[in-house]
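Visitor: structure, please.
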Amino acid sequence: MTLQQAHALQRRELMSLRAENTRLKKQMAQKDSERPELKELAALRAENERLKTYSFPDSAKEALERNIRYLKQVIKTKDRRFEDALSVWKNTESKCSALSFRIIDLEEKVRILESENAILKERAESAEAEVRVLNGTNKKLEIKANKNFENSSLPSSALPFRKKIPNNRKPTGKKPGAQPRHKGSCRKKLIPTSDPVIIPPPESFLNDPDIYPTGNKISKQLVDLDIKVTVHEFVTDEFRRRSNGTRLHAAFPEGIKDDVNYGSNIKTFAFLLNNYYNVSIAKTQQCISDISKGIISLSTGMISNLSKEFSVKTETERKQIFSILHHADTLYSDATVSNICGSRKAVILCTDKESVLYQHADHKGHEGLGNSPIKDFKNTIVHDHDKSYYSYGSKHQECLAHVLRYLVGAIENEPDLTWHKKMHSHLQRMIHLSKSSSGKLPKDKVTLLKEQYFSILDIAEKEYLAHPPCKEFMDGFNLQKRLKEYADAHLLFLESPEVDHTNNISERCLRKFKRKQKQAVVFRSDSGSSYVCDALTIIETARLQHQNVFNVVYNVFSKKHTTSDQKLC
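Guide: Take a look at the predicted model:
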């Protein structure tokens, strides 16, 4: 393209752009004429042009000029105030800007503090929860530490370092023994086993004319125990049968089967030492050896086998005791735990105050009671609060000795309540009235005592609504529920004077097995525990019937059995 052609092209583009610019101006002018604010501006301009050509009067003109000067002065004042306000605003704006940065810093610090506060709050809540747990644990341990045989079911043997047992008797200050003008309790004299030893009077008595005989005799005895060993030897001729060479001899008396045999006296003594007086087998062996001056040395196996021999020989007597207890009018029963090679087994006890039966069982409850006289029993059962017993018998009496101890524990751990103090006094009063009455209490008196009993339980419900029990000690709350639910089983003794209000007879009998368990520490087999139960059954029954225990055991080991006239060697 030449320079002339390029110039022509540029000229044509410039002309087209100018035409386009003119067209756009027209469009803009047309659009501006359509806008209302532009129309109003055009009207104001036209009015201004009209006013310029209008001639005002001189008076009006001066007034307008004065007004204009006043308005100018007002405008200057407002401008000055505006400048002042503007400077104040700028100052304030700068301060607001500085404060905004400060606020940002403070907000950041607040966020940091809030996060730290949240962490501390979590730690505080965790600490409070831990403190509550520790307070509960402390309360439980305190309650457990304060439990003893006076306010719980713990036996007195479980607290060897207990405080002195209180005695309600007041000291009189008198010396022990026989008091003046009262006949003393002397030792009983026995029948002499030998001729009396005559002590001659001293020569000084016979030669003194101031001393004369009264004719009375003064005798004093020396009682001692003589341990002697008797050995009886049995000898017989030996024979031999020609046909087969068998050796024969005459039959020895019953019980003479080994080269050396022991009689019933030594068996009874060793058996009682180990099974009733709770002496270990080794010390029983040593005791018999010492008192016989080393002549008799029983083997530990022989002493241990005495329990099995006694159990086998007394099977019939135990069956009779079982039958007697099964048909008793009132049966007292309790159970305890035995240790068999580290496993927990049970001992079930039943008694009617004249006979007692100990039975070894694998478990308490229905499994243990199913093999005892309790099964199919139709009369009254006195027991502790074991619900298994309520499936047997027709009537029930719970041991109030336990209830009184539980009430003492509730009094100590719930000092804000009053119902347990009232119930403790009321039960003691009922027991006293029952003991003091020769027969049954009058019906109206029994009714009144029962009404007072239930009114105290109503007080307990109201007090527990006002002071809910804490989870660390629920014994008091559970006790008042139990006293209400099993009220008939707690008050049966009021209408049946032949029924005791406690189960202490069973507790005392079970104590014999507990002492043996503590001495033995652990039984090696179920049979060992069973043999102890069988022995205590016969011995404790004899003791309850006021029989001589040694004679009873001696008669068991002296039982005779039929034998043949001849015996093979």
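
Visitor: count the neighbours of Leu450 for me.
Guide: That one is not Leu; residue 450 is Lys. 16 (other Cβ atoms under 10 Å). C-beta coordinates here come from the backbone N, C-alpha and C atoms, glycine included.

Visitor: what ranges does the stretch 401-550 of the chain have for its strands?
Guide: With DSSP state E, counting those that start in this stretch as the definition, the stretch 401-550 of the chain shows no strands.

Visitor: swap that for the stretch 101-250 of the chain, please
Guide: Listed in chain order, the strands of the stretch 101-250 of the chain (DSSP E, counting those that start in this stretch) span 238-240, 247-250.

Visitor: tell me the strands beside the last one, with direction?
Guide: Put plainly, it is strand 247-250. Strand 247-250 pairs in its sheet with strand 238-240 (antiparallel), strand 566-568 (antiparallel), by DSSP bridges.

Visitor: rank those by pLDDT, which is bottom?
Guide: When those are compared by mean pLDDT, strand 566-568 comes last with a mean of 32.

Visitor: could you check how far the nearest residue to Gly184 once chain neighbours are set aside is from Gln221?
Guide: Closest residue to Gly184 in three dimensions, ignoring its sequence neighbours and counting by Cβ to Cβ, 6 or more residues apart in numbering: Ala178, at 3.1 Å. Distance of Ala178 to Gln221, given as Cβ to Cβ, to the nearest Å: 20 Å.

Visitor: for the longest helix belonging to the chain, name the packing helices and strands.
Guide: Longest helix in the chain, counting residues (DSSP state H): helix 58-146. If contacts are counted by 3 or more Cβ pairs under 8 Å, 6 or more residues apart in numbering; DSSP states H and E, helix 58-146 sits against helix 400-413.

Visitor: the helix it packs on vs helix 58-146, what angle?
Guide: 140 degrees (axes from the mean of the first three to the mean of the last three Cα atoms, to 10 degrees).

Visitor: show the pLDDT at Ile411.
Guide: 88.

Visitor: repeat that for His385.
Guide: 85.

Visitor: ok, it touching Gln397?
Guide: No - in this structure His385 lies outside contact range of Gln397 using Cβ atoms under 8 Å: 11.3 Å.

Visitor: which one's more surrounded, the two?
Guide: Per other Cβ under 10 Å, whichever of His385 and Gln397 has more neighbours is Gln397, with 24 against 17.

Visitor: and that one, that one's in a strand?
Guide: Yes - counting by DSSP: H, G, I helix; E, B strand; the rest coil, Gln397 is located in a strand.

Visitor: might you report the residue contacts of it?
Guide: Thr380, Ile381, Val382, His383, Ala489, His490, Leu492, Phe493, Ser496, Val499, Asp500, His501 (Cβ atoms under 8 Å, 6 or more residues apart in numbering).

Visitor: need the buried ones from those residues selected in PyMOL.
Guide: Remark: buried members of those, expressed as a PyMOL selection using 16 or more other Cβ atoms under 10 Å:
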select buried, resi 380+381+382+383+489+490+492+493+496+499+500+501
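
Visitor: let me have the contacts of Gln397 in TSV, extended by distance to Glu83.
Guide: Shown next, in TSV, are those (distance: Cβ to Cβ, whole Å):
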residue	distance to Glu83
Thr380	113
Ile381	111
Val382	110
His383	106
Ala489	103
His490	101
Leu492	108
Phe493	109
Ser496	113
Val499	113
Asp500	112
His501	107
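
Visitor: of the contacts of Gln397, closest to Asp334?
Guide: His383 (6.7 Å; Cβ to Cβ).

Visitor: related to what we said a few turns ago, mean neighbour count, the strands of the stretch 101-250 of the chain: which tops it?
Guide: strand 247-250 (a mean of 12; mean count of other Cβ atoms under 10 Å).

Visitor: kindly format the C-alpha coordinates of the very next helix or strand once past that one as PDB.
Guide: Using DSSP states H and E, the next helix or strand after strand 247-250 towards the C-terminus is helix 264-275. The C-alpha trace of helix 264-275 is given here as PDB (Å, rounded to 0.1, in the frame of the first residue of the first chain):
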ATOM      1  CA  SER A 264     -11.500 -96.400 122.500                       C
ATOM      2  CA  ASN A 265     -10.000 -94.200 125.200                       C
ATOM      3  CA  ILE A 266      -7.100 -93.000 123.200                       C
ATOM      4  CA  LYS A 267      -9.200 -92.800 120.000                       C
ATOM      5  CA  THR A 268     -11.700 -90.700 121.800                       C
ATOM      6  CA  PHE A 269      -9.100 -88.400 123.300                       C
ATOM      7  CA  ALA A 270      -7.300 -87.900 119.900                       C
ATOM      8  CA  PHE A 271     -10.600 -87.400 118.100                       C
ATOM      9  CA  LEU A 272     -11.800 -84.800 120.500                       C
ATOM     10  CA  LEU A 273      -8.500 -82.900 120.500                       C
ATOM     11  CA  ASN A 274      -8.500 -82.600 116.700                       C
ATOM     12  CA  ASN A 275     -12.200 -82.300 115.900                       C
END
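
Visitor: residues making contact with helix 264-275?
Guide: 279-281, 284, 287-288, 296, 298, 303, 306-307, 309-310, 516, 531-532, 535-536, 539, 549-550, 553-554, 557-558.

Visitor: and the residue most central in space within the chain, how far from Val408?
Guide: Per Cα atoms, centre = their mean, the C-alpha nearest to the average position across the chain is that of Lys144, at 7.7 Å. Applying Cβ to Cβ, the value for Lys144 to Val408 is 15 Å.

Visitor: can you list the low-confidence ranges for the stretch 251-400 of the chain?
Guide: For the stretch 251-400 of the chain, applying pLDDT under 70 flags no range at all.

Visitor: grab the longest strand from the chain for me.
Guide: When the chain is scanned for its longest strand (criterion: DSSP state E), the result is strand 330-340.

Visitor: that one packs against which elements?
Guide: Going by 3+ Cβ pairs under 8 Å, 6+ apart, strand 330-340 lies up against strand 343-351, strand 380-383, helix 504-520, helix 526-544.
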